[in-house]
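Peer 1: Make a model of this:
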Amino acid sequence: HHRTELERCDPGGLNGMTTDFKHSLGDVLLEHLNSGTSDHLVVTENTEEADWFYVPFNVDRSQGEHVMKCGQNHLVRLSSVLDALESSPSYQRYKGADHLWYLGGWELTTAAIGKLHYFPGRRQIIHNMAVLRYCDRRIHLSGTQPTDDYQKMIASKQQQHGPIHTSNAVFDILPDARALRPWWRQGQDHRCTVNVPFRSQPAIAKHHPPIAQNQQTLEEWIAARPYQFHFVGVGDDYKYHPGQAEGVHALIQIWHQTAKQLPPTKVFNVDARLPPEEFAESLAKSQFCIMIRGDDPTRSRFADAISAGCIPLIISDGFFDFGIGYDRRVRNYDAFTISIPESHWIEHAASALMYAVTMPRNELRFMHRSLMEVRPKLVFHMDDDGGSSQVVESIFQSLNERCQLDPEELVRDYSSKL
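Peer 2: Next up, the predicted model:
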């Protein structure tokens, strides 16, 4: 899995100096599996005993800016891994349906096939796999699954009504829907997704000890956080795709107009990138962190807020479907987040803010307690006591519930003998 070469090309390893610290979960998961410390997960060399086969190649690390051309280069490394997968008897047995791969980067999107280096081709190899990543597109591109209900529906329609033009069909799912509001119209080309936690920004993680020691009660938490509301934007230079910028900027401008009506001492409001340390400190001093959607419904601002112990106030239609996915059935996100429909925000943003600040004290106490309990499962840092193990165990819980197929399904739908 080219681990030695990646360590040489990216010598920071797992201590926060990797090319993109958010995308180190693949190596963290592998380290935990190999540690033998889990009470629930067992690594076996016996392929007949295995429920899952984990692909240990870290695509995110291999294609990093300073690593891509190092050594054999990223595309050569990826190609050799795909060659090994295709020729593996364990892969061939069920065409990869019992295989698992961490592919965290947004570049896995089907819009990037043949355009970006992340995973540009040979995508049929992952069609049947379970994939760990941050965004769940939830529906499949036509022709990527052995049980393709869309194709069956079209065939049934044609049988009943004669030929139809599927290129303009209402149910067409697209490889690229970045400029469209209905995010669910863009499909994915692998079988099943489990949303995985972000790794905490190292600058935010420095605030974890004081949060753990001094903010375990609601009263301590409020006393340590003078700002009621927090917003830090990305600035006007962010390159949105055509058709996206107008909608996002409209939501942001509504916030700025509303923020002017609030006491300045109660609001941290900056519409530009901040140095990591300054950004982390501002989060750690805030009670409610406003998360407005960007070029898709998911935002790393959610993980930043959770890591800093700040209650996310989410204005992003589709976030719970795409940014959380199955995990919302495992955890009650209403217990530690506030979600405001974009239509409500546009109509009257002030009432959304009042919803937060006029919350009954006992309800706020419950949200604070829920947030502190869930933080280690939604974000992690390498220095956290047992943090990575909680994350991995949580991932496999969701993975087994959502993506694991029973033996009859594997044989019926994916057996290489078919």
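Peer 1: wait, what's in contact with the closest residue to residue 404 other than its chain neighbours?
Peer 2: Nearest residue to residue 404, sequence neighbours excluded (Cβ to Cβ, 6 or more residues apart in numbering): residue 51, at 6.5 Å. Just so you know, the C-beta spots here come from the backbone N, C-alpha and C atoms, and that holds for glycine as well. Residue 51 makes contact with 98, 400, 404, according to Cβ atoms under 8 Å, 6 or more residues apart in numbering.
Peer 1: May I see the buried residues of the helix or strand where the second one lies?
Peer 2: Residue 400 is part of helix 387-402 when elements are defined by DSSP states H and E. Of the residues in helix 387-402, 387-396, 398-399, 402 count as buried by neighbour count, 16 or more other Cβ atoms under 10 Å.
Peer 1: so which two of these are the farthest from each other?
Peer 2: For the buried residues of helix 387-402, the farthest-apart pair by Cβ to Cβ is 387 and 402; their separation is 22.9 Å.
Peer 1: rewinding a little: which of the buried residues of helix 387-402 has the weakest pLDDT?
Peer 2: Scanning the buried residues of helix 387-402 for pLDDT, the low point is residue 387. It has 56.
Peer 1: could you measure the residue nearest to the spatial centre of the chain against residue 233, distance?
Peer 2: Nearest to the geometric centre of the chain sits residue 134, at 1.5 Å (Cα atoms, centre = their mean). Residue 134 is 20 Å from residue 233, where distance means Cβ to Cβ, to the nearest Å.
Peer 1: Which residue, other than its chain neighbours, is closest to residue 276?
Peer 2: For residue 276, ignoring the flanking residues on the chain, the nearest one in space by Cβ to Cβ, 6+ apart is residue 203 at 3.8 Å.
Peer 1: these two touch, right, the one you found and residue 280?
Peer 2: Yes - using Cβ atoms under 8 Å, residue 203 makes contact with residue 280 at a distance of 4.0 Å.
Peer 1: check contacts around residue 207.
Peer 2: 280, 281, 283, 284, 308, 309.
Peer 1: who does the helix or strand containing residue 269 pair up with?
Peer 2: Using DSSP H and E, residue 269 maps to strand 267-270. Applying DSSP bridges, strand 267-270 is found paired with strand 227-232 (parallel).
Peer 1: Pull up the distance across stretch 315-332, start to finish.
Peer 2: Separation of the first and last residues of stretch 315-332 by Cα to Cα, to the nearest Å is 18 Å.
Peer 1: mind starting the numbering at 867 from now?
Peer 2: Okay, residue one is now 867; in that scheme the one you just asked about reads as stretch 1181-1198.
Peer 1: Helix or strand: which one has the residue nearest to residue 1142?
Peer 2: Residue 1069 belongs to helix 1068-1071, assigned by DSSP H and E.
Peer 1: Show me what whichever helix in the chain runs longest is packed against.
Peer 2: Counting by DSSP state H, the longest helix found in the chain is helix 1227-1244. In terms of contacts (3 or more Cβ pairs under 8 Å, 6 or more residues apart in numbering; DSSP states H and E), helix 1227-1244 is packed against helix 1084-1089, helix 1166-1173, strand 1177-1181, helix 1253-1268.
Peer 1: Could you rerun that using 6 Å?
Peer 2: Secondary-structure packing of helix 1227-1244 (3 or more Cβ pairs under 6 Å, 6 or more residues apart in numbering; DSSP states H and E): helix 1084-1089, helix 1253-1268.
Peer 1: Sort out which residues of it are buried, please.
Peer 2: 1230, 1233, 1234, 1235, 1236, 1237, 1238, 1240, 1241, 1242, 1243, 1244.
Peer 1: give me the number of residues near the closest residue in space to the first one that isn't next to it in sequence?
Peer 2: To tie it back to what came earlier, the one meant is residue 1230. Of all residues not flanking residue 1230 in the chain, residue 1084 sits nearest, at 6.5 Å (Cβ to Cβ, 6+ apart). Using other Cβ atoms under 10 Å, residue 1084 has 17 other residues around it.
Peer 1: separation between the nearest residue to residue 1243 once chain neighbours are set aside and residue 1156?
Peer 2: Take residue 1243 and drop its neighbours on the chain: the residue closest to it by Cβ to Cβ, 6+ apart is residue 1260, 4.7 Å away. From residue 1260 across to residue 1156, the span is 26 Å (Cβ to Cβ).
Peer 1: Equivalent analysis for residue 1108, please.
Peer 2: 26 Å.
Peer 1: just to revisit the earlier point, give me every residue that touches the residue nearest to the centre of the chain.
Peer 2: In this structure, residue 1000 makes contact with 970, 1164, judged by Cβ atoms under 6 Å, 6 or more residues apart in numbering.
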